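A.B. asks: starting from these lines, generate the structure:
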Amino acid sequence: MLENPRSPRVRAVAKLSKRSARVETGLFLLEGPQAVREALAYRPEGITDLFATPSAWEKHADVREAAQAEGAAVTFTTEGVLDAMADTVTPQGLVAVARQFPASVRDVFAASPRLVAICEEVRDPGNLGTIIRAADAAGADAVVLTGRTVDPYNPKVVRATTGSLFHLPISLGGELEGVLTRARQAGLRVVAADVKGGDLLEARSSGLLAEPTAWLFGNEARGLDDDALALADASLKLPIYGRAESLNLATAASVCLYESAFAQRSALA
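C.D. replies: Alright, predicted model coming up:
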């Protein structure tokens with residue numbers, strides 16, 4: 001039983017909320033039963049430490065059984081220790097440490113994907129996590145992060161993915177022009193989501209979205225700069241029918257990804 005919230009082991013886990021510690025160690029933090037459950041289901045070999053309060057371990061029988069099936073040992077802690085480790089106020093009694101597992105850009109496009117989300121300088125952790133979750137739900141083959149996009153192993157991003165981080169390849173650190181070159185070489189059309197783009201409804205009727213597509217999403221505040229837009233094959237915008245000034249980036253990305261998913265599946269039917 002870990003009881004001292006200031007012990008070196010506890011402090012080492014808590015430091016993973018900082019990017020510098022994640023870069024140095026190659027590890028990241030998982031908080032709560034959902035994240036731990038998905039890690040045990042999809043990447044159990046990557047879990048290096050599993051911590052739980054006795055009450056949470058008793059409560060979450062599915063997590064306990066999955067850990068036992070995978071041979072993952074648990075270290076019991078007090079509530080105070082778990083709170084000291086976690087980035088959230090309410091970690092629900094479960095925390096794990098896991099190895100990062102980024103995919104390479106080369107491997108992403110060598111797999112002949114039909115739908116990819118490319119994020120260029122997406123800075124808000126909640127937005128990135130939701131885009132990863134939406135890409136997973138829409139059946140996308142991968143998410144590629146370029147420029148100064150937020151670290152996908154940031155605890156806020158991890159939480160916002162609700163486990164989707166473990167479901168599809170995520171590549172990071174690529175340079176945009178090189179990523180788009182690989183996308184085209186793999187047979188994908190690069191379509192930028194941009195407020196100055198063409199009408200998405202017209203693209204739907206033209207059959208454009210039924211083709212293998214790499215959607216390009218930009219920064220929340222500035223969107224994509226002119227140089228990035230010039231690298232795309234096409235740009236499309238979502239129509240605003242009400243009086244909203246704009247759509248949140250993650251919401252718009254979700255719609256775009258689902259439009260492609262609908263079109264591609266209709267074409268294959």
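A.B. asks: pretty sure residue 126 contacts residue 156?
C.D. replies: Yes. Assessed by CB atoms under 8 Å, residue 126 is found in contact with residue 156 at 6.3 Å. In this view, the C-beta of every residue, glycine as well, is placed from N, C-alpha and C.
A.B. asks: identify the bridge partners of residue 142.
C.D. replies: For residue 142, the beta-bridge partners are residue 116 (DSSP bridges).
A.B. asks: what's it in contact with, if anything?
C.D. replies: With contact set as CB atoms under 8 Å, 6 or more residues apart in numbering, residue 142 has these partners: 103, 108, 111, 113, 116-117, 135, 168-171.
A.B. asks: closest one of the residues you listed to residue 42?
C.D. replies: Set against residue 42, the nearest of those by CB to CB is residue 168 (10.1 Å).
A.B. asks: which SS class is that closest one?
C.D. replies: Of the three states, residue 168 takes coil under DSSP: H, G, I helix; E, B strand; the rest coil.
A.B. asks: related to what we said a few turns ago, which of the contacts of residue 142 are buried?
C.D. replies: Neighbour-count burial (16 or more other CB atoms under 10 Å) is assigned, among the contacts of residue 142, to 103, 108, 113, 116-117, 135, 168-171.
A.B. asks: redo these as a markdown table? Include pLDDT and distance to residue 59.
C.D. replies: Formatted as a markdown table, the buried ones among the contacts of residue 142 follow (pLDDT from 0 to 100; distance: CB to CB, whole Å):
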| residue | pLDDT | distance to residue 59 |
| --- | --- | --- |
| 103 | 97 | 34 |
| 108 | 98 | 38 |
| 113 | 98 | 39 |
| 116 | 98 | 38 |
| 117 | 98 | 35 |
| 135 | 98 | 31 |
| 168 | 97 | 29 |
| 169 | 98 | 33 |
| 170 | 98 | 30 |
| 171 | 97 | 36 |
